[in-house]
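Student: How does the following fold in three dimensions:
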Amino acid sequence: MPSAGMFAPSAVDAPFVRLWRGFLTGRVMVALALLVLQGVGQIVNQTPEPAVLTVCVIYFVATVVLRVLAQHTAPSPRAGPQWLPSIGADLAVVAALQLLHAGAMNYTPLFGLPILMAAVLGTMTLALGTTAAVTLLLLGWAWWLGSGTAGDDAPRYLQSALTGTGYFVVSYLVHQLASRLAREQELAHQSQVTARVQTQVSALVIQNLTDGVLVVDDNDTVRLANPAGLLLLGGSAAPELPFALGAEQPWNPLVILARHTFRQEQPQTAAVDLLHPGQSPTGLHVRTWLTSTREAARQTQTERLCVMFLHDLREMEARLRTEKLAAMGRMSAAVAHEIRNPLAAIVQANALLEEDLHDPGQKRLARMVQQNADRLARIAEEVLDIARVQHQISHAPASTVPLDETVALIWNDWQAQDPARRRAVVSLDADATQVEFDPEHLRRVLVNLLDNALRYMGQEPDSLLLSTRAQPSGQVSLQVWSDGAPMDKSVERHLFEPFFSSESRSSGLGLYICRELCQRHGASISYQRITHTTTSRGDTGGNAFTVGFRRTTRPTEAATLFDTIVV
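Tutor: The predicted structure is shown next:
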């Protein structure tokens, strides 16, 4: 365990630990040099000094031991007893060598090692304290030399004072320089951390952009590209970075735009088409910027790069269509609201007029007026219904309904309105399964789809099939099937769009409202062409619409259920 004032290497800065170990290695080299030189000197001069040699051996062993322990501990930079095994030992050893050596050798320059260690690794207090201790030792040594001899001691004291002053100056300057280097290193480390975080954030943002991003150099080489950019480039396979932008002929418009950006040194904007063989054209809106101008790149010795942003024109057109559709819906709702008042007056006037008509031809014309006025009223009501659905669902609380019970109730109410609606087979086998849906909204969806099926189904007793079932996997489905003719592909593509209908007398809003209701409840709706084998005629093809409900977790159930309605 580290002693007081000592820390594990991970507890202090890594640069401090490296300097600490470097100084310890230097102490080992100095101790080894002292030991070798002292031994050689005593052999050559034949003047044994066992005390001096013993001090050198002890100093070498102590430095080696401390260097080994430095792998596990490091001292605190503040002044304290933790520095005695290093700085204290150096001062004691140099003083002992100077005191015990009988020759003319001077060991006082070795005081520079502990002074440098204190100035670089410690605080200002430690540095000045160590220098003061060295100065006192030098003055004490001058006193020791003059105590046994007669003569003028002033030169020795002056020499010790000058040496001590020099040590103070060196200690102060070295400590200031070391502190400044430490601050610069800390700032550099913080800048590196900030740059690393910024790089990670930038990479994450670029990787998840829906727009494509390409970074191209002046040799037409793509250095960086995000997944959206590689996808918009198209081709048979995504290329591996880096790759040449001119490697494929369809990319030539991008090459031309990049070269033009480098030449003009200004941002560029253009609409380009990438024409790959066997594929539909990819229309792109491209914007380019340079990272720096030619002059700035020369001064900073950096490379110029062209950053290209690719935006799919199809997405822009789809967004514009959505905005236009929303604006048209608002305008249609406003117009429908204004139509209802004069339409009500027309209906009332026509009813009053019909009471005074006796001619069959005129009565037929009055009925035509009534029929078309009713049709206009239905269209206006359905247009306004869209806005009501949006408002009601946005404020409707989440609720669950028992599927079989709700479907049975809706079916009974629907088929009781017209005897012709009884041509159907009903099979409800979803048990007590509950789905997340508002009961009134489910009624509107199912009635709308049943009305649609009734319009196209045949005259057989099983032309309409209504069934619910619960799968072992947890899926719950409700299926309403009718044996109508297959839909044309052009009709199927626009089936759920507003104001689209294959009949002239339909507003085209029924399926659109169904989709809005389903999506607002986390459900989905789609069309399918399904062949049923349970009819009395054998395999019979028919039309179906599939609505998938959000799964609901019941208190007594361990798993959620995914409910599907197929009509």
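
Student: before we move on, which element is A544 in?
Tutor: strand 538-549 (DSSP states H and E).

Student: Identify each buried residue in that strand, please.
Tutor: Within strand 538-549, the residues that count as buried by 16 or more other CB atoms under 10 Å are 540, 542-549. (Glycine included, C-beta is placed from N, CA and C.)

Student: mind putting the residues you listed in CSV, distance to A89 and pLDDT included?
Tutor: Output for the buried residues of strand 538-549, formatted as CSV (distance: CB to CB, whole Å; pLDDT from 0 to 100):
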residue, distance to A89, pLDDT
T540, 102, 80
G542, 99, 85
N543, 97, 85
A544, 93, 84
F545, 91, 80
T546, 86, 75
V547, 86, 76
G548, 81, 74
F549, 82, 72
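
Student: Between those residues, which sits nearest V445?
Tutor: Distance to V445 across these (CB to CB) is lowest for V547, with 6.8 Å.

Student: hang on, the earlier thing: between the buried residues of strand 538-549, which sits nearest G26?
Tutor: Nearest to G26 among these: G548, at 75.8 Å, using CB to CB.

Student: pLDDT score for S280?
Tutor: Among the per-residue scores, S280 holds a pLDDT of 66.

Student: neighbours around the closest residue to E497 other than its chain neighbours, how many?
Tutor: Counting by CB to CB, 6 or more residues apart in numbering, E497 lies nearest to Y512, which is 6.6 Å off, once chain neighbours are set aside. Residues within reach of Y512, counting by other CB atoms under 10 Å, total 20.

Student: With the one 4 residues further on instead?
Tutor: Other residues within reach of E516 by the criterion other CB under 10 Å amount to 21.

Student: Secondary structure element holding it?
Tutor: Per DSSP H and E: E516 is located in helix 510-520.

Student: which parts of that helix are buried?
Tutor: For helix 510-520, by 16+ other CB under 10 Å, it's 510-518, 520.

Student: now, which of the buried residues of strand 538-549 sits nearest T221?
Tutor: Nearest member of the buried residues of strand 538-549 to T221, counting by CB to CB, is G548, at 47.2 Å.

Student: So what's the model's average confidence on stretch 146-160?
Tutor: Rounded mean pLDDT across stretch 146-160 is 74.

Student: and what of stretch 417-437?
Tutor: Stretch 417-437 comes out at a mean pLDDT of 77.

Student: With only the CA atoms kept, save it in CSV.
Tutor: Extracted C-alpha coordinates of stretch 417-437, given in CSV (Å, rounded to 0.1, in the frame of the first residue of the first chain):
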residue,chain,number,x,y,z
GLN,A,417,-80.4,-1.9,-42.1
ASP,A,418,-80.9,-3.8,-45.4
PRO,A,419,-82.1,-7.4,-46.0
ALA,A,420,-79.6,-7.6,-48.9
ARG,A,421,-76.8,-7.4,-46.5
ARG,A,422,-77.6,-10.8,-44.9
ARG,A,423,-75.7,-12.6,-47.7
ALA,A,424,-72.6,-13.4,-45.6
VAL,A,425,-70.9,-16.0,-43.4
VAL,A,426,-69.8,-14.8,-40.0
SER,A,427,-67.3,-16.7,-37.8
LEU,A,428,-65.9,-15.0,-34.7
ASP,A,429,-63.2,-17.1,-33.0
ALA,A,430,-60.9,-14.6,-31.2
ASP,A,431,-62.3,-15.6,-27.8
ALA,A,432,-62.0,-12.7,-25.3
THR,A,433,-59.1,-11.0,-27.0
GLN,A,434,-59.0,-7.2,-26.6
VAL,A,435,-57.5,-4.7,-29.0
GLU,A,436,-56.5,-1.1,-28.5
PHE,A,437,-59.0,1.0,-30.5
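
Student: any idea how far it is from the chain center?
Tutor: 46 Å (CA atoms, centre = their mean, to the nearest Å).

Student: Count residues in the vicinity of the closest residue to T400 other than its chain neighbours, would you?
Tutor: Distances taken as CB to CB, 6+ apart place Q434 nearest to T400, at 4.5 Å, with adjacent residues excluded. Here the number of neighbours of Q434 (other CB under 10 Å) works out to 22.

Student: give me the beta-bridge partners of Q434?
Tutor: P402 (DSSP bridges).

Student: Do I have it right that it meets L403?
Tutor: Yes: between Q434 and L403 there is a contact under CB atoms under 8 Å: 6.7 Å.

Student: Adding distance to V28 and pLDDT, write the buried residues of helix 510-520 out as TSV.
Tutor: TSV is the format used below for these (distance: CB to CB, whole Å; pLDDT from 0 to 100):
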residue	distance to V28	pLDDT
G510	92	75
L511	88	81
Y512	86	79
I513	88	78
C514	86	81
R515	82	82
E516	82	78
L517	84	78
C518	80	78
R520	79	74
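
Student: Could you report the distance from the closest residue to R78 other than its chain neighbours to A74?
Tutor: Nearest non-adjacent residue to R78, counting by CB to CB, 6+ apart: T123, 5.6 Å away. For T123, the distance to A74 (CB to CB, to the nearest Å) stands at 15 Å.

Student: between these two, which one's more packed in?
Tutor: Neighbour totals were compared for T123 and A74, and A74 leads with 25 against 17 (other CB under 10 Å).

Student: so where's the stretch 401-550 of the chain uncertain?
Tutor: When residues are selected by pLDDT under 70, those of the stretch 401-550 of the chain lie in 419-422, 473-474, 498-508, 533, 550.

Student: For it, which segments count as helices?
Tutor: Along the stretch 401-550 of the chain, counting by DSSP state H, counting those that start in this stretch, helices occupy 403-415, 439-456, 489-493, 510-520.

Student: Using TSV, lay out those helices together with distance to L139.
Tutor: As requested, the helices of the stretch 401-550 of the chain are exported to TSV (distance: least, CB to CB, whole Å):
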stretch	distance to L139
helix 403-415	102
helix 439-456	100
helix 489-493	103
helix 510-520	93
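
Student: for these, which one sits closest to G166?
Tutor: In terms of CB to CB, the element of these nearest to G166 is helix 510-520, at 85.5 Å.

Student: On the three-state scheme, P277 is what?
Tutor: coil (DSSP: H, G, I helix; E, B strand; the rest coil).

Student: tell me the contacts of it?
Tutor: If a contact means CB atoms under 8 Å, 6 or more residues apart in numbering, then P277 has no contacts.

Student: And the pLDDT at D563?
Tutor: The predicted local confidence for D563 is 36.

Student: likewise M124?
Tutor: 90.

Student: For the residue nearest to it when sequence neighbours are not counted, the count of nearby residues, please.
Tutor: Computed as CB to CB, 6+ apart, the closest residue to M124 that is not its neighbour in sequence is H175, at 5.6 Å. For H175, the neighbour count with other CB under 10 Å is 23.

Student: For H175, give me its contacts.
Tutor: 119-120, 124, 127.

Student: can you rerun that using 7 Å?
Tutor: 119, 124, 127 (CB atoms under 7 Å, 6 or more residues apart in numbering).

Student: any idea how far the residue nearest to E497 is from S482?
Tutor: 20 Å.

Student: got it, and G112?
Tutor: Taking CB to CB, one finds G112 at 102 Å from S482.

Student: Of those two, give the one with the bigger neighbour count.
Tutor: Neighbours per residue, other CB under 10 Å: of G112 and S482, the larger number sits with S482, 24 against 16.

Student: so that one touches N543, yeah?
Tutor: Yes: at 5.9 Å, S482 and N543 qualify as touching, with contact defined as CB atoms under 7 Å.
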